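Chemist: Sequence first, predicted coordinates after that:
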Amino acid sequence: MKRLALAFLLASSPVFAAPALRSRAAKTPHAKQTGNAPDAGRWEQQARDVTIMRDDWGIAHVYGKTDADAVFGMIYAQAEDDFNRVETNYINALGRLAEAEGESRIYRDLRMKLFIDPETVKKDYAASPEWLKKLMNAWADGLNYYLAKHSEVHPRVIRRFEPWMALTFTEGSIGGDIERVNLSQLEAFYGYGRVTQNAPAFDEDIEEPGGSNGMAIAPSNTVDHHALLLINPHTSFFFRSELQMASEDGLDAYGAVTWGQFFVYQGFNDRAGWMHTSSGASQLSFYLETVDKKGDRFYYKHGNQELPVATNEITVPYKTDKGMAEKKFTVFRTEHGPVIGETEGKWLTIRVMNEPVKALTQSYLRTKAKDYKAFREKMELHTNSSNNTVFADADGDIAYFHGNFIPRRNPSFDWTKPVDGSNPETDWHGLLSVDETPHLLNPKNGWLYNS
């Protein structure tokens, strides 16, 4: 049987096989410090099925009886390492940064709230498969257990984590699709006034800190005749943690975890490895909407139809010197997506991937994929929207996937610019399959590289 050799260029921590799971609590203080938390007994019970061990470099190796136990332990370990970064990622995802940092963050929060509505996300959670609910429940329990054990830790905003919150942050890469929305233009439209910064119609280029590198080498080109995967994720130094999570349910993944998420974003299990680089594939669309006001309602053109613009109210709380205040916005939406600005005398909308349950499903299940066939099946969920992927497995297969969420669109339009939303020819028509996008499996040269 072939083996898989992997190099993960983050820290020099050894990877070792999980011992028999021991019936002792995760590395936490004793139960008495949970105080009067109503769920303390349940948390303590689950903690008894979790072991957290740290190696010489402080890397957490987490073992649980079930996948949910492993999630409970790994998120607890992340909170031990840097609770502030865990919480901050969810403050951002929930559009609550202004509650911690004040009025200057209002439009950043508004941008998030245009896409992430807690009531909608709660319904998504309720409709999720039971196995995924168990993981989200364990995620929230692990964070709340940590807070109950550490009274000296004072959250900036989120004092209790709810399971549905895990669905608000399912993309582990630097800079998600939502961040393509230009804040200055958003403020100019919804703030009903001028802004000091000149804003383009949309961000044409999002600068990221460097570029990740991934290389896969086939057994024919390695000394020991095993596939080799080299992972070099360029991020700011503290952007991700590093850990191992394993369970008796077949989970055994090691690698980089974006703070607060309960899956290994890039790394390897005992049979396969995967890494991501930021993709240049076009995964979203901007539309120019022709809007007219009739009476007290707005309508937009789509073909020979005039359709009503959907409206709703969003409230953004923010911190002031005198306590909390709030700002209310009436926001607009067409079938293409939320209105994010105005340019060329037309309203600007954006359409992005917004499938949180499928995205979290794909992100987690790929960590358990043991070969190319299983990994590719997860790629057909098409929710890894901003990344290319390099893959290798113990069978000797090496592979590359260019993008993973690419809408099927009319190629006669220039999709690098906003297109005419009134023309039905600019509508999306599903997604391109893996077969329809650039990809490689075992290239004849015996290696592949992406940066």
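Modeler: That came through fine. Numbering: from 1, shown residues only.
Chemist: from here on, contacts and neighbour counts on C-alpha atoms
Modeler: OK.
Chemist: who's in contact with stretch 285-295?
Modeler: Residues outside stretch 285-295 that contact it (CA atoms under 8 Å, 6 or more residues apart in numbering) are 298-301, 336, 343, 346-352, 415, 417-422.
Chemist: List the buried residues for that stretch?
Modeler: Across stretch 285-295, burial judged by 16 or more other CA atoms under 10 Å covers 285-291.
Chemist: From start to finish, how long is it in a straight line?
Modeler: 30 Å (CA to CA, to the nearest Å).
Chemist: repeat for stretch 148-167
Modeler: Start-to-end, stretch 148-167 (CA to CA) is 23 Å.
Chemist: contact partners of that stretch?
Modeler: Contacts for stretch 148-167 (CA under 8 Å, 6+ apart): 28-29, 31, 33-35, 37, 84, 87, 90-91, 94, 96, 99-100, 121-122, 124-125, 133, 136-141, 143-144, 147, 261, 356-357, 360.
Chemist: in the stretch 151-300 of the chain, what spans have low per-residue confidence?
Modeler: 172, 174-176, 192-210 (pLDDT under 70).
Chemist: Now with 80, please.
Modeler: Applying pLDDT under 80 to the stretch 151-300 of the chain picks out residues 171-176, 192-211, 234-238.
Chemist: Contact partners for the spatially most central residue of the chain?
Modeler: The structure's the chain has its C-alpha centroid closest to residue 171; by CA atoms, centre = their mean the separation is 1.4 Å. Residues near residue 171 by CA under 8 Å, 6+ apart: 359, 384.
Chemist: Swap in 10 Å and give it another go.
Modeler: Residues near residue 171 by CA atoms under 10 Å, 6 or more residues apart in numbering: 177, 258, 261, 265, 356, 359-360, 363, 383-387.
Chemist: Over to residue 332?
Modeler: 114, 190, 298, 309-313, 338-340, 347, 349.
Chemist: quick one: which of the residues you listed is nearest residue 65?
Modeler: Nearest to residue 65 among the contacts of residue 332 is residue 114, at 39.2 Å by CA to CA.
Chemist: which residue packs closest to that closest one, ignoring adjacent ones?
Modeler: The shortest distance from residue 114 to any non-neighbouring residue, by CA to CA, 6 or more residues apart in numbering, is to residue 338 (6.5 Å).
Chemist: Look up phi and psi at that neighbour.
Modeler: The phi/psi pair for residue 338 (degrees, to the nearest 10) reads phi -70, psi 150.
Chemist: Tell me how many other residues crowd residue 314.
Modeler: Residue 314 has 15 neighbouring residues, counting by other CA atoms under 10 Å.
Chemist: got it, and residue 301?
Modeler: 20.
Chemist: Does it touch residue 307 like I think?
Modeler: Yes - taking contacts as CA atoms under 10 Å, residue 301 lies within contact range of residue 307: 6.4 Å.
Chemist: what is in contact with the two at once?
Modeler: Both residue 301 and residue 307 are contacted by 291, 334, under the criterion CA under 10 Å, 6+ apart.
Chemist: returning to what we had before: among the contacts of stretch 285-295, which ones are buried?
Modeler: If we count by 16+ other CA under 10 Å, these have these buried: 298-301, 336, 346-352, 415, 418-422.
Chemist: What strand or helix carries residue 145?
Modeler: Using DSSP states H and E, the element containing residue 145 is helix 130-149.
Chemist: Pull out the buried positions in that helix.
Modeler: 132-149.
Chemist: Same question for stretch 435-443.
Modeler: 441-442.
Chemist: Can you pull out the residues in contact with it?
Modeler: With CA under 10 Å, 6+ apart as the criterion, stretch 435-443 contacts 216-218, 281, 372, 380, 388-392, 396-406, 408, 447-448.
Chemist: redo that, cut-off 6 Å
Modeler: 397-402 (CA atoms under 6 Å, 6 or more residues apart in numbering).
Chemist: and that stretch, C-alpha only, in PDB?
Modeler: Extracted in PDB, the C-alpha atoms of stretch 435-443 (Å, rounded to 0.1, in the frame of the first residue of the first chain):
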ATOM      1  CA  ASP A 435     -15.500  18.800 -15.600                       C
ATOM      2  CA  GLU A 436     -16.300  22.200 -17.100                       C
ATOM      3  CA  THR A 437     -13.600  24.100 -15.200                       C
ATOM      4  CA  PRO A 438      -9.800  23.800 -15.500                       C
ATOM      5  CA  HIS A 439      -8.600  20.800 -13.500                       C
ATOM      6  CA  LEU A 440      -5.900  18.300 -13.500                       C
ATOM      7  CA  LEU A 441      -5.600  14.700 -12.400                       C
ATOM      8  CA  ASN A 442      -2.200  13.000 -12.500                       C
ATOM      9  CA  PRO A 443      -0.600  15.100 -15.200                       C
END
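Chemist: Export stretch 123-132 to CSV, keeping only CA atoms.
Modeler: Extracted C-alpha coordinates of stretch 123-132, given in CSV (Å, rounded to 0.1, in the frame of the first residue of the first chain):
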residue,chain,number,x,y,z
LYS,A,123,-33.9,28.7,9.9
ASP,A,124,-30.9,27.2,8.0
TYR,A,125,-29.7,25.7,11.2
ALA,A,126,-33.1,24.2,12.0
ALA,A,127,-33.2,22.6,8.5
SER,A,128,-29.6,21.3,8.7
PRO,A,129,-29.0,17.5,8.7
GLU,A,130,-28.7,16.1,12.2
TRP,A,131,-25.0,15.2,12.0
LEU,A,132,-24.2,18.8,11.2
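Chemist: The lengthiest helix in the chain vs helix 130-149, what angle?
Modeler: Criterion DSSP state H: the longest helix present in the chain is helix 67-93. Here helix 67-93 runs at an angle of 70 degrees relative to helix 130-149 (axes from the mean of the first three to the mean of the last three CA atoms, to 10 degrees).
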